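Asker: Here is the input, now give the coordinates:
(one chain, ligands or ions: 1)
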Amino acid sequence: MILRTHYSGDINPEMAGSEILLAGWAHEIRDLGGICFLVLRDRKGLAQVTLVKKIVDTEMFKKVRSISRESVVQVRGEIKSESKAPHGFEILPKEINVLDMAKVPLPLDPTEKVECELDTRLDSRFMDIRRPSVLSIFEIVSSVLHAIRDFFYSQNITEVFTPKIVAAATEGGTDLFPISYFEKEAFLNQSPQLYKQMLMAAGMDRVFEIGPIFRAEEHDTRKHLNEAISIDIEVSFADENDVMAMLENAIASAYKHVKENCQRQLEILNLDLVVPNIPFKKITYTEAIELAKNDKSVPIQWGDDLDTETEKFLGGIIGEHYFLTEWPSSIKPYYTLQYEDRPKICRGFDLMHPRMELASGAQRVHDLQMLTQRIKDKGLEPESFEFYLDAFKYGMPPHSGWGLGLSRLVMTMLDLENIRDAVIFPRDRRRLVP
Ligand code: AMO
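Answerer: Okay, here's the model as predicted:
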């Protein structure tokens, strides 16, 4: 059985006279007595179905007036050119079927005429995504992933999946979610870091993974989630500059792809997307601290991690994407390679958007002895990393990589206020459903 032949957005006035079958939601029903408009909404837009009482079948006219908003309907009818209707056409119906009647009242207004709090929207996310602007965001997320995957394939990078149920902390922190795993203690993985590095010992050379990371961070901010999607790569025989070049190219190609392929969504969001110029500026950590020190409102010392205030201050001065390089070894993880001639500084980097950090990466330590020492220096126990360290015993190439937060990328690209706006079902300190 054919349930639909066209989407509303695929129809134009030149198709007048053709018979089509549309299916979607009853966005609006306007009953003016002698004439009734049913506005049908599908993924690609709106279509006006016009029923003139004197012309259409009485039963059909009655049926349409009884349809509740957001019911699922199917309309078979003829296209007629109508300049005042959405997309310049209307449908003169021959048959209207209600496939599922919606209950009243609705939890929120999908037509976007009535404003709604984020929490209410997230509670009824299935209904919230019926809003064209919200749907547009997630269509753009998919487009970003399409572009980034294409870029990776063009660079001959292999897609992999690594376990999310793990035995050890990756980043060495305490932000772990413990889970019960039969008789053992296990955790949800914070990052594919250890596994992507082990694949360099496997000779896979260049890998990428797009998957969830879990962080048991207590704080409740606009840019943190407890479950996030991370875009990770690891590349052998590459230094930190090689992978920074890959990162800026991945980001520029995502912007370009969205600009070229999501015009309708960008229009709905009222955005004029500017593709960032590459290469991005590179600023050393020390230079950044000097800049921040000039501003009395940001008290900061060399060796401090950059807090939100400093990030915002620097973002304000620089005004575009930039890399922060040459970090103090003391504030980057154990796997980050130090400069041989000045071990206080390491080959770690962060990619910054003026609003926040988007990614971090580094050239890694590939020497077993050095790595074991770095783990100890950070107050961690090499024994907990045995499975990881094993991979460094039998020939590990020099390698580098990065992890990029998908939702932060989209949030900054689309100028969204809250990271939750860029995630379909966000997980935060207070939210475990839906
Ligand atoms: P890092 O911990 O900096 O690095 O994470 C990389 C990027 O992932 C995103 N991200 C988050 N997004 C939302 N909520 C969170 N709680 C959250 N945590 C991280 C950010 C961040 O820049 N192993 C390294 C990467 C590497 O060196 O390859 C790592 O995980 O956008």
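
Asker: Could you use CA atoms for every contact and neighbour count after this?
Answerer: Noted.

Asker: So A26 sits against S68, correct?
Answerer: Yes. A26 is in contact with S68 according to Cα atoms under 8 Å; the separation is 7.4 Å.

Asker: Of these two, which one has the most company?
Answerer: A26 (25 against 21; other Cα atoms under 10 Å).

Asker: ok, and the closest non-adjacent residue to the most centrally placed residue in the chain?
Answerer: Nearest to the mean C-alpha position of the chain, counting by Cα atoms, centre = their mean, stands S407 at 3.2 Å. Sequence neighbours aside, A422 is the residue nearest to S407 in space, at 5.5 Å (criterion: Cα to Cα, 6 or more residues apart in numbering).

Asker: Show the backbone phi and psi for the one you found.
Answerer: phi -100, psi 10 (degrees, to the nearest 10).

Asker: Give me the distance between stretch 404-422 and the centre of its chain.
Answerer: Relative to its parent chain, stretch 404-422 has a centroid offset of 6 Å by Cα atoms, centre = their mean, to the nearest Å.

Asker: my bad, should have said stretch 217-226
Answerer: 15 Å.

Asker: So for it, what gets flagged as buried?
Answerer: E217, H224, L225, N226 (16 or more other Cα atoms under 10 Å).

Asker: and that stretch, what's its mean pLDDT?
Answerer: What stretch 217-226 shows for mean pLDDT is 93.

Asker: any residue of it up close to the ligand?
Answerer: Yes. Stretch 217-226 is in contact with the ligand by Cα under 6 Å from any ligand atom, via K223, H224, L225, N226.

Asker: ok so, going back, the residue nearest to the centre of the chain against N418, yeah?
Answerer: No. Using Cα under 8 Å, S407 is not in contact with N418; the gap is 9.7 Å.

Asker: any idea how far the residue of the chain most remote from its centre lies from the ligand?
Answerer: In the chain, the residue that sits farthest from the middle, by Cα atoms, centre = their mean, is K54; the gap is 50.4 Å. Distance, K54 to the ligand, using Cα to the nearest ligand atom, to the nearest Å: 58 Å.

Asker: Make 33 the starting number, not 1.
Answerer: Noted, 33 is the first residue going forward, which turns the last one into K86.

Asker: quick one, phi/psi of that residue?
Answerer: According to degrees, to the nearest 10, K86 has phi -70, psi -30.

Asker: Quick one: residues contacting it.
Answerer: G66 (Cα atoms under 8 Å, 6 or more residues apart in numbering).

Asker: Next one, pLDDT for it please.
Answerer: Value listed for K86 in the pLDDT field: 94.

Asker: What of E203?
Answerer: Reported pLDDT for E203: 69.

Asker: Contact residues of this structure facing the ligand?
Answerer: So the chain meets the ligand at 223, 225, 247, 255-258, 260, 262, 389-394, 433-437, 440 (Cα under 6 Å from any ligand atom).

Asker: so where's the stretch 283-432 of the chain uncertain?
Answerer: For the stretch 283-432 of the chain, no stretch has pLDDT under 70.

Asker: quick one, strands of it?
Answerer: 313-316, 354-357, 359-360, 377-378, 380-385, 388-395, 431-437 (DSSP state E, counting those that start in this stretch).

Asker: Okay then, goodbye and thanks.
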